[in-house]
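Build the 3D model from these lines:
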Amino acid sequence: MIKNVRLRDVIPFYASVWRARGFVSPLEVDFKPTLQCNLRCKMCPQRAISDQERKKSIGEELSTEKYFALIDELAKMGTRRIHIVGGGEPLLRKDTLDLMRRVKEHGLEGILTTNGILLDEQKIRELVRLNWDLVMFSVDGPNPEVYEDIRGVPGAFKKVVSTMKKLSQLRAVHGQVNPLIQIHCVIMNTNYALLKDMVELAREVSADIVTFVKCRPQGPSLPVSKEDLPETFRHLKEAIKRATKYGITINASELLLVWSKKPKNTICFRPWISPDIWHNGNVTPCCYSREVMGNIRNRSFREVWDGEKFNNLRKIFLQGNFPDFCKDCNWPELLQYTVPLGKWLHTPKTLVTLPKFGHWRIERKLEYFATGENQKINIVKRS
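Here you go, the predicted model:
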């Protein structure tokens, strides 16, 4: 996710980590613009939301104008990527394409995660015209039987496959690489034996990337059992072979590394990298957390990002003390392989000898990191 980080980003980024601050802009911000959805997936955390709460949430959604202002602020801060993802199905909002246009007007990278049901030909053409960077299709089965048992809507598989094919064909007609097509699959007890077939599906629709993720425990019947883990690992290895043969990018090697043997003494970079902004303006540190760091209706994003509550959470993370919401997440371990110096910095601060500057410390003006203005350095003698 955080590959190809620019060298000039690295030093400010690690300075903000060491200081447990948010004075460097996030590399990616995930928008969750709506809780409305047209599928009822078995493993989705949103199943816990009642129909009454979902209906109420429509009136709480941020306006188009607020999203435009937010995108403008993030671009000015230096954020590189906007990921329009869930909560629900983002294309159920009528202004989602308008938000995507705003993202590209600023030259930012854009990712859209969708179930693909609502991507008609007009929307597909607009994605190609925008040269949108990546469309991630949530697909958890390589055939109608498995997919529709998980996703809950008959006939949906045929529609999604047709949509992915149309997108790949149209970008080819225009001689474009983008939008890249990614198939994202949640591994659970009903599909773990079909992982290599997911790669075959990717080949069929000319997808570029296949990613797998462990199922979050929404109930005892969904995650892969301990008894089935060896077979799951075997299928992941077979999926890697197929993907390598077809030239498809796959994350299965990294997933195997952290699933089969969970590293110890790690911290997580997520509170410095990519927060979630929900439909109602609430800002949370990641997709696993519902702990609200602040709300952008009455504060700027920058004020929330470098606010007291967020920075206190960063201190906890830096010490290697994960909150309860982290228990089912494998993000920290995966970040070791994607963040510069990740393996080194994933040792908790208490076990790391941090750089020292003799009797002096360097305080950089926060505005430099937030806006890219000329660097100002104050040298302050320690007492």
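
how about the residue lying closest to residue 87 once chain neighbours are set aside, what does it touch?
For residue 87, ignoring the flanking residues on the chain, the nearest one in space by C-beta to C-beta, 6 or more residues apart in numbering is residue 32 at 3.3 Å. The way it works is simple: take the backbone N, C-alpha and C, and place the C-beta from them, glycine included. Shown in contact with residue 32 (C-beta atoms under 8 Å, 6 or more residues apart in numbering): 85-88, 276-279.

now for these, which pair is the farthest apart?
88 and 277 (14.3 Å; C-beta to C-beta).

Looking at this protein, which strand is longest?
As assigned by DSSP state E, the longest strand anywhere in the chain is strand 180-187.

these two touch, right, residue 323 and residue 316?
Yes. If you go by C-beta atoms under 8 Å, residue 323 and residue 316 touch, sitting 6.9 Å apart.

Distance-wise, check the closest residue to residue 295 other than its chain neighbours relative to residue 297.
Using C-beta to C-beta, 6+ apart and skipping residues adjacent in sequence, the residue nearest residue 295 is residue 281, 4.6 Å away. Separation of residue 281 from residue 297 (C-beta to C-beta, to the nearest Å): 4 Å.

And residue 125, by the same measure?
Going from residue 125 to residue 297 by C-beta to C-beta gives 34 Å.

the more surrounded of the two?
Each of residue 125 and residue 297 has its neighbours counted (other C-beta atoms under 10 Å); residue 125 has more, 14 against 11.

and the more buried one, what element?
Assessed by DSSP states H and E, residue 125 sits inside helix 121-130.

go on, residue 224?
Counting by DSSP H and E, no helix or strand carries residue 224.

before we move on, back to that, which neighbours do residue 281 and residue 297 have in common?
62, 66.

got the contact list for the spatially closest residue to residue 240 that is not a sequence neighbour?
Leaving aside its chain neighbours, residue 240 sits nearest to residue 252 (4.9 Å; criterion: C-beta to C-beta, 6+ apart). Counting by C-beta under 8 Å, 6+ apart, residue 252 touches 195, 210, 212, 236-237, 239-240, 243.

Dihedrals phi and psi, residue 252?
phi -60, psi -30 (degrees, to the nearest 10).

any idea how far it lies from residue 189?
For residue 252, the distance to residue 189 equals 18 Å [C-beta to C-beta].

ok, now residue 76?
46 Å.

follow-up on the earlier one: show the pLDDT at the residue nearest to residue 295.
Per-residue pLDDT puts residue 281 at 96.

Count the neighbours of it for me.
Neighbourhood size, residue 281 [other C-beta under 10 Å]: 20.

close enough to count as contact, residue 198 and residue 137?
No. The criterion here is C-beta under 8 Å, and residue 198 misses it with residue 137 at 11.3 Å.

Looking at these two, which is more packed in?
Neighbours were counted for residue 198 and for residue 137 using other C-beta under 10 Å; residue 198 has more, 28 against 23.

Spell out the residue ranges of the strands in the stretch 151-300 of the chain.
All strands of the stretch 151-300 of the chain, identified by DSSP state E, counting those that start in this stretch, fall at 180-187, 209-214, 249-250, 276-277, 282-284, 294-295.

Run through the neighbouring helices and strands of the first one.
Right, the one you point to is strand 180-187. With contacts taken as 3 or more C-beta pairs under 8 Å, 6 or more residues apart in numbering; DSSP states H and E, strand 180-187 sits against strand 134-138, helix 156-173, helix 195-204, strand 209-214.

Done for today, thanks.
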